[in-house]
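>>> The sequence and its predicted three-dimensional model are supplied below.
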Amino acid sequence: MKKRVDGEGIALLHDLDDCTGCYGCEAACRETWRYPYDEDWMRVLRRTPFVVDGKLRTYHVVAPVLDKCAACYAKDPNPLCVTGCPGQALRIGPLAEVVKEAEGRHCNIYTA
Ligand code: SF4
Ligand code: SF4
């Protein structure tokens, strides 16, 4: 718990506005780690469309397994899920840096 407060823990930022729901991160994670199909380390979840300011929006959320992401980040600070995201919607790093980057953005932050 102290790690999270100090911002030393690893966090994954997912920008809801920039994500197109392409499922690329899900594929990138699986191809990087080659885990079996009965496992899911990263899932893209499609949410029900709804109206925001008179415009229809469909947001997607990602569901990473953060202990896997922390180990992944320790091995490669630029994992394929992040570098290959066409919307540049993902960012992984120390929690304090990710929180700073999240300022003013419509995003989720997942912490490990
Ligand atoms: S986070 Fe990026 S790679 Fe993943 S579904 Fe969204 S746009 Fe695609
Ligand atoms: S950081 Fe690594 S383990 Fe986490 S979703 Fe991306 S590729 Fe998968």
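Done, it's in. Ligands and ions are numbered 1, 2, ... in the order given.
>>> all contacts plus neighbour counts: C-alpha atoms, from now on.
OK.
>>> so what's the residue nearest the centre of the chain up against?
With the centre of the chain defined as its mean C-alpha position, the nearest residue by C-alpha atoms, centre = their mean is H14, 4.3 Å away. With contacts defined as C-alpha atoms under 8 Å, 6 or more residues apart in numbering, the neighbours of H14 are 61-62, 89-91, 107-109.
>>> Output the set of residues of this protein in proximity to ligand 1.
19-25, 44, 85-87, 89-90 (C-alpha under 6 Å from any ligand atom).
>>> Among those, find me the one that's closest to ligand 2.
Ligand 2 lies nearest to C25 out of these, by C-alpha to the nearest ligand atom, at 6.6 Å.
>>> which residues of this structure score low on pLDDT?
Residue ranges of the chain with pLDDT under 70: 1-8.
>>> repeat that with 80
Low-confidence regions of the chain, defined by pLDDT under 80, span residues 1-8, 112.
>>> Show me where it has its helices.
With helices called from DSSP state H, the chain shows them at 2-6, 24-33, 66-75, 80-83, 95-102.
>>> Return the most buried member of those.
helix 80-83 (a mean of 19; mean count of other C-alpha atoms under 10 Å).
>>> from the middle of its chain, how far away would it be?
Put simply, helix 80-83 sits 10 Å off its chain's centre (C-alpha atoms, centre = their mean, to the nearest Å).
>>> quick one: R57 and F50 touch, right?
Yes: R57 lies in contact with F50 (C-alpha atoms under 8 Å); the separation is 5.6 Å.
>>> residues in contact with the residue nearest to Y59 when sequence neighbours are not counted?
Leaving out its chain neighbours, the residue that sits closest to Y59 by C-alpha to C-alpha, 6 or more residues apart in numbering is R47, at 5.7 Å. Each residue near R47 by C-alpha under 8 Å, 6+ apart is listed here: 58-61.
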